[in-house]
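Q: need coordinates for the below:
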Amino acid sequence: MKKCLMLVVTIVVALFSIGCNGVEDKLEKQLKSSDASIRREAAVQLGDVATPRALQLLEMDQDDPDFRVREAVRAAIALINKRTFMK
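A: Now for the predicted structure:
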């Protein structure tokens with residue numbers, strides 16, 4: 001019974017991590033958009049994803065030329081840090 005449960009948990013974790021990478025890849029592309037509103041929305045969604053990769057993408061985008069995107073990035077980073085107790 002324990003082996004079966006561990007197998008199910010392992011499969012679920014693997015599927016979750018595969019799904020997150022797809023979302024993060026999509027949002028990473030959106031962060032490179034020429035449209036500031038798309039970049040801002042991508043930052044907000046990365047804050048909701050709250051994975052180490054999402055945090056990395058946000059930290060690399062802190063210097064966005066648009067102040068609204070920079071604010072969204074900072075808020076998303078703060079949200080991730082609050083959730084994970086990183087700072």
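Q: please point out which parts of the helix or strand containing residue 82 sit buried.
A: Element membership of residue 82, judged by DSSP states H and E, is helix 67-84. Going by neighbour count (16 or more other Cβ atoms under 10 Å), the buried part of helix 67-84 is 69-70, 72-73, 76-77, 79-80. No exception for glycine: its C-beta is placed from N, CA and C like everyone else's.
Q: what's the closest of the residues you listed to residue 50?
A: Set against residue 50, the nearest of these by Cβ to Cβ is residue 80 (4.7 Å).
Q: can I assume that closest one is in contact with residue 56?
A: No: in this structure, residue 80 is not within contact of residue 56 by Cβ atoms under 8 Å, at 10.3 Å.
Q: ok, how many other residues are close to residue 58?
A: Using other Cβ atoms under 10 Å as the criterion, residue 58 is surrounded by 24 other residues.
Q: quick one: pLDDT of it?
A: We have a pLDDT of 98 for residue 58.
Q: let me know the angle separating the helix or strand hosting it from helix 67-84.
A: According to DSSP H and E, residue 58 maps onto helix 52-60. Orientation check (axes from the mean of the first three to the mean of the last three Cα atoms, to 10 degrees): helix 52-60 against helix 67-84 gives 140 degrees.
Q: in helix 52-60, what counts as buried?
A: For helix 52-60, the buried set under the neighbour-count rule, 16+ other Cβ under 10 Å, comprises 53-55, 57-58.
Q: now for that helix, which elements pack on it?
A: For helix 52-60, the packing partners by 3 or more Cβ pairs under 8 Å, 6 or more residues apart in numbering; DSSP states H and E come out as helix 2-31, helix 36-49, helix 67-84.
Q: now the last one: average pLDDT?
A: Summarised as a single mean, pLDDT over helix 67-84 is 95.
Q: just the second one next, same as before
A: pLDDT averaged over helix 36-49 equals 97, rounded to a whole number.
Q: that helix packs against which elements?
A: Against helix 36-49 (3+ Cβ pairs under 8 Å, 6+ apart) you get helix 2-31, helix 52-60, helix 67-84.
Q: only alpha carbons, please: show that helix as CSV.
A: What follows is helix 36-49, C-alpha atoms only, in CSV (Å, rounded to 0.1, in the frame of the first residue of the first chain):
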residue,chain,number,x,y,z
ALA,A,36,3.9,46.6,-21.6
SER,A,37,0.4,45.4,-20.6
ILE,A,38,1.3,41.8,-21.7
ARG,A,39,4.6,42.0,-19.7
ARG,A,40,2.7,43.3,-16.7
GLU,A,41,0.2,40.5,-16.8
ALA,A,42,2.9,37.9,-17.2
ALA,A,43,4.6,39.3,-14.1
VAL,A,44,1.4,39.0,-12.1
GLN,A,45,0.9,35.4,-13.3
LEU,A,46,4.4,34.4,-12.4
GLY,A,47,3.7,35.7,-8.9
ASP,A,48,0.8,33.3,-8.8
VAL,A,49,2.9,30.4,-10.0
